[in-house]
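Engineer: Need the 3D shape of this:
(one chain, ligands or ions: 1)
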Amino acid sequence: MNISSTKSKYPIRLPNSEGFVEYGFDGVGVAFNNDLQSWKYNRQFFSQAMMSPSFNYQALKWTNELWNEMESYWNNLGEDHELDLIKWLRRFANEMIFRISTGVKNDAIASYYNIIILNNNNNNSLNEKENVKLKESYDFKLLKNKDYLFSKLYTIVKERRIEIENSPLDQPLRHDMLTSFITANTPRDINVVKQADSDLLRPMTDKEIFGNILDTMLGGTDTTANLICFVVYYLEHYPEIKKRLRHEFDTVLGEDLTRPITYKDLDKLEYCDAIIKEVFRCSPIFIINGRINSQSDKVGGYDWPEGTQFQMLFSAIIKHKDYWTEHEKFDPDRFYRVEESDKYLLEKKNMKTTFPMFGGGIRICPKRIIELKCLLFLIYRKYDIELVDMNSPLKYKRDFLNLCKELIVKIKPRKF
Ligand code: HEM
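Structural biologist: From the prediction side, this is the model:
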């Protein structure tokens, strides 16, 4: 099922339910698009936009900027203020992904801060009421906000088209996904990679662009926010592991607490990478994934007709004793330089098929762990996080993802 070629017999993840169709997901974007020609067309632009170095450079610059903003609010609230980390991080992830995908700053963090402190709205840009509506709309439970969300996104697409049309040809364009989508296969194309397949060589329509932006927000908000909260919870319960993580941060980044993080730095954070994976293994945000076969196939010794729906239970595979050494133990070392160790032999043998954190095959997640590493670094380089209730279990509820319900913390300046 994980063959990474378009010849895969398993090109579809889920059937299009009535709700998905009602919400308008059928035939648009990437994640829920079961029209394979249309998916292929969109997916190439999605991956292309995300792979471009200048896009990644821009994304990192915005992450650093937004972090500085959130940090200033935390500092103003003071170290004894009890804050619900998931509420902040959902807004952070949302504002970040909104900016990366559209180039527009939605001020989700600022307006949340204003609600807490001033109890009034930020009138400079999207206000808290609008942000709540946007955020609720991403949850796609609330059909009532659908029209609002769709019209907002279409307006952003149309306005950016006009801006680009009015920009002189020799003026460099901003590197957000929207710009990449609008200019794809036009004389203003900012992407380097060119596709040979002639079906893929036409510009994108507003509807296609809209679908991809919606997917980016759906894919990038709750995943990042919830997983970071889970990581924080584990780090606070495993101080030795936190100490090693900080040692890695300090070694890679030195003592200048104000230096912005770069992509080169992030590549070097191998232990950080291992921690995120091990937290995902022990407390996964995704527990299940699906595939539908486009041709009959033999699986598990049985013949299955075309159109069979398979469910893969991530949460069982990633803790199975046949694939993981001391499978119940929380130990990031099973992901850290595992080739050099003789301890984690099972992991060494099976990892490619037993750790589907980002899925696999042609529908694999187009994003990677990079934002999570960046955010963890930004938090732990300068701050100590204190869980207000150390005895509380990790509070989460099961939805499409495992969602953190609450994580009350105090943010204190780091003691060196
Ligand atoms: C902690 C972070 C994340 C995790 C663990 C994660 C995990 C996953 C998984 C398991 C899938 C299903 C893959 C499959 O069926 O084989 C997926 C698909 C997808 N993810 Fe992510 N994801 C994360 C972050 C993101 C971000 C930040 C974005 C957007 C910028 C994103 C966009 C998508 C999209 C568009 C798909 C559908 C791909 C397709 O159908 O072709 N994800 N993700």
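
Engineer: and the residue of the chain found nearest the ligand, what is it in contact with?
Structural biologist: The nearest approach of the chain to the ligand comes at residue 359, 2.0 Å away (Cβ to the nearest ligand atom). (Glycine included, C-beta is placed from N, CA and C.) The contact partners of residue 359, by Cβ atoms under 8 Å, 6 or more residues apart in numbering, come to 289, 365.

Engineer: now the one 10 residues further on
Structural biologist: For residue 369, the contacting residues are 273, 276, 277, by Cβ under 8 Å, 6+ apart.

Engineer: out of the residues you listed, which is most surrounded?
Structural biologist: Counting neighbours by other Cβ atoms under 10 Å, the top entry in the contacts of residue 369 is residue 276, with 23 neighbours.

Engineer: tell me which element residue 158 falls in.
Structural biologist: Using DSSP states H and E, residue 158 maps to helix 146-165.

Engineer: May I see the buried residues of that helix?
Structural biologist: 149, 152, 153, 156, 157, 160, 161, 164 (16 or more other Cβ atoms under 10 Å).

Engineer: what does stretch 362-370 give?
Structural biologist: Neighbour counts over stretch 362-370 (16+ other Cβ under 10 Å) mark 362, 363, 366, 367, 369, 370 as buried.

Engineer: Present the buried residues of helix 146-165 as TSV; the columns should include distance to residue 65 and pLDDT.
Structural biologist: TSV is the format used below for those (distance: Cβ to Cβ, whole Å; pLDDT from 0 to 100):
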residue	distance to residue 65	pLDDT
149	25	89
152	23	93
153	23	94
156	20	96
157	24	97
160	20	96
161	26	96
164	23	94
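
Engineer: could you redo those as TSV and give each row distance to residue 407?
Structural biologist: Formatted as TSV, those follow (distance: Cβ to Cβ, whole Å):
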residue	distance to residue 407
149	27
152	29
153	30
156	32
157	35
160	36
161	40
164	41
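
Engineer: Pick the one among those residues closest to residue 226.
Structural biologist: residue 149 (20.8 Å; Cβ to Cβ).

Engineer: which residues touch residue 406?
Structural biologist: Per Cβ under 8 Å, 6+ apart, neighbours of residue 406: 84, 86, 395.

Engineer: Drop anything exposed from these.
Structural biologist: 84, 86.

Engineer: and the contacts of residue 406, which of them are in helices?
Structural biologist: residue 86 (DSSP state H).

Engineer: how about the residues of the stretch 151-300 of the chain near the ligand?
Structural biologist: 215, 216, 219, 220, 223, 224, 227, 286, 289 (Cβ under 6 Å from any ligand atom).

Engineer: Out of those residues, which sit inside strands?
Structural biologist: residue 289 (DSSP state E).

Engineer: Closest to the mean position in the protein, which residue would that be?
Structural biologist: Central residue of the chain (Cα atoms, centre = their mean): residue 220, 3.3 Å from the mean position.

Engineer: Might you report the residue contacts of that residue?
Structural biologist: 93, 96, 97, 100, 101, 367, 371.

Engineer: What of residue 35?
Structural biologist: Contacts of residue 35 were listed using Cβ under 8 Å, 6+ apart, and they are 26, 27.

Engineer: Would you mind naming what in the stretch 301-416 of the chain lies close to the ligand?
Structural biologist: 357, 358, 359, 360, 361, 363, 364, 365, 366, 367, 372.
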